[in-house]
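S.K.: can't give you the sequence, but here's the structure:
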C-alpha cells in the first residue's frame, strides 16, 4: 500500500490515474459499489503466452472477484500463480453530447 493508505483502501500507485487524478478512488466502499453495479468486465492476463484481454461476466465476494466466460470456468481474478491480471470495469451514468464528436463526454457518479 502507499504511504498514508488505510486498510480500507486497495493498494495503488500514486498518480496512476493520469488525467483528472482527483477522480480516482481506491476505498473499498466506492470500489465495491462500482463492481456491484456491473456484471461485465474486461480481464487482461499475461502468463507464458502473449498478453490478451477478454470480456467476461464476473461477481464479487468480499474483496475477491471471480470471472466466468472464455477464461475458464470460475477463474479467480486476483494476482497469483505467476499471472499478471488486470480487471477493468467501466461504469457510465450518462453521456454529455456536443455538436462535434470530439467534444462529447461521459459522466460517472461517485
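M.R.: That came in fine, so what should we check first? As the structure is a prediction and not an experimental result, all values here were calculated from the model.

S.K.: so where's this protein uncertain?
M.R.: 1-7, 13-16, 47-49, 69-84, 109-110 (pLDDT under 70).

S.K.: For it, which segments count as strands?
M.R.: Assigned by DSSP state E, the strands in the chain fall at 40-46, 52-61, 64-68, 75-76, 84-88, 94-96, 105-107.

S.K.: Could you dump those into TSV with mean neighbour count added?
M.R.: Bear in mind the C-beta positions are built from the backbone N, C-alpha and C, glycine included. TSV is the format used below for these (neighbours: other CB atoms under 10 Å):
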stretch	mean neighbour count
strand 40-46	16
strand 52-61	14
strand 64-68	17
strand 75-76	16
strand 84-88	13
strand 94-96	10
strand 105-107	10
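
S.K.: closest one to residue 30 among the ones you listed?
M.R.: Ranking the strands of the chain by their distance to residue 30 (criterion: CB to CB) puts strand 52-61 first, at 13.2 Å.

S.K.: Direction included, what does that closest one pair up with?
M.R.: Counting by DSSP bridges, the strands paired with strand 52-61 are strand 40-46 (antiparallel), strand 64-68 (antiparallel).

S.K.: and for it, what are the contacting residues?
M.R.: Applying CB atoms under 8 Å, 6 or more residues apart in numbering, the contact partners of strand 52-61 are 32, 35-36, 38-46, 65-71, 77, 87.
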